[in-house]
Each structure stands twice: as structure tokens, then as C-alpha cells.
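Participant: Here's a sequence, model it:
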Amino acid sequence: MTHRLAILLTVLALVGAASAQNWFGVRSGYPLGVTLHYGVGNALANGADLRVSARVVVGSGGSAAFGVGLDALVDVFAEGPVSAYVGAGPSLEAGGGSVALDVHGLVGGAFRFTDAGLAPLSVFVEANLGAAISLSGGSARIPTFGAAVGFNWDF
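Facilitator: Coordinates of the predicted model:
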């Protein structure tokens, strides 16, 4: 799985090199974990960005789950250094003896540090709502909730 993720991220980096704006970021929140993500501006359509994520989540009892996900993101507001966006996508998470497919929608907002001379750096908050369906014979979790705070570096 790690090799496939590395290949996917490499291909996206090469495809995204021709794109006007790409970003790399890190986020954490609820459920407790750390997510690294890579985004490609206008990868899906004009104004529709693609974000690929890899994450580690600490579950109940201290068990860890690993996941990969894709999100389609669209800006709904942009005024100066502040922007708001909506998105949706699937993620696949494995850990604790189970594998689950999560489909979710999200809403977020970002603030770019242009006044401090750090235009490529932004901080964001995000919340999501979805449903997780077990692919390994377990039960479904409906609804699922998440929230995150993170940083992006645009290049």
C-alpha cells in the first residue's frame, strides 16, 4: 500500500507541475491523527481542485488506522487573504482488523498570510460529515464526523 501511495503522489506531482497552483499541507484534528496532503489546482475542471491525502489515526484502545483519500474542492468565496470552500470525496481506511470506505462532504475556510510577506503559507479549518461502510464484514458508521486545523504551502 505504501508503494502504491508513493507512485500515486509522484504521478500527481508530475501531472500537477503543469498546473497553475499546487499545494502541500498537514492537518490534525478529530478523530485524533495526522494527515499529509497534496493538492493540484484545477485538476478536475476549471475551479475544481483535487486533494490526495494520506493519514494515520489513533483509534480507541490506542490502535492505529491508516488511510488514503481523494477530495474534490471548489472555492465558494474568496476575498483578499480569506477563502471558503466546499468539497467531497472518498477515503479508504485500514486498521484494527477492519477496512472501511468513507464517503464524506466537507466545508472549510483558509487564511493566507499575505500581509506578513508569507503569501505561500495559509492556515485552514475544516469540518466533514459522511458515512463509513465496512468492507471487511463489520458494521457501518453513519454518520461520521471530523474536524481539522492545518497549514498549506502553495507553490
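Participant: helix or strand for the residue nearest the centre of the chain, which one?
Facilitator: The structure's the chain has its C-alpha centroid closest to residue 53; by Cα atoms, centre = their mean the separation is 4.9 Å. Using DSSP states H and E, the element containing residue 53 is strand 48-58.
Participant: Give the other helices and strands that that strand contacts.
Facilitator: In this structure, strand 48-58 makes packing contacts with helix 2-16, strand 33-45, strand 64-79, strand 82-95, judged by 3 or more Cβ pairs under 8 Å, 6 or more residues apart in numbering; DSSP states H and E. Heads up, the C-betas are built off the backbone N, CA and C, glycines and all.
Participant: Name the strands paired with that strand and say parallel or antiparallel.
Facilitator: Within its sheet, strand 48-58 is paired with strand 33-45 (antiparallel), strand 64-79 (antiparallel), according to DSSP bridges.
Participant: Ok, which of those comes nearest residue 99?
Facilitator: Between residue 99 and those, the tightest spacing by Cβ to Cβ is seen for strand 64-79, at 9.5 Å.
Participant: Now the closest one - C-alpha only, PDB.
Facilitator: Taking Å, rounded to 0.1, in the frame of the first residue of the first chain, the C-alpha atoms of strand 64-79 are listed here in PDB:
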ATOM      1  CA  ALA A  64      -3.700   2.900  14.700                       C
ATOM      2  CA  ALA A  65      -5.500   3.100  11.400                       C
ATOM      3  CA  PHE A  66      -4.000   4.200   8.100                       C
ATOM      4  CA  GLY A  67      -5.900   5.800   5.300                       C
ATOM      5  CA  VAL A  68      -5.800   7.400   1.900                       C
ATOM      6  CA  GLY A  69      -8.300   9.700   0.400                       C
ATOM      7  CA  LEU A  70      -9.300  11.900  -2.500                       C
ATOM      8  CA  ASP A  71     -11.300  15.200  -2.300                       C
ATOM      9  CA  ALA A  72     -12.700  17.400  -4.900                       C
ATOM     10  CA  LEU A  73     -12.600  21.000  -3.700                       C
ATOM     11  CA  VAL A  74     -14.300  24.200  -5.000                       C
ATOM     12  CA  ASP A  75     -13.900  27.700  -3.700                       C
ATOM     13  CA  VAL A  76     -17.300  29.400  -2.900                       C
ATOM     14  CA  PHE A  77     -15.800  32.700  -1.500                       C
ATOM     15  CA  ALA A  78     -12.500  34.500  -1.900                       C
ATOM     16  CA  GLU A  79     -11.900  38.000  -0.700                       C
END
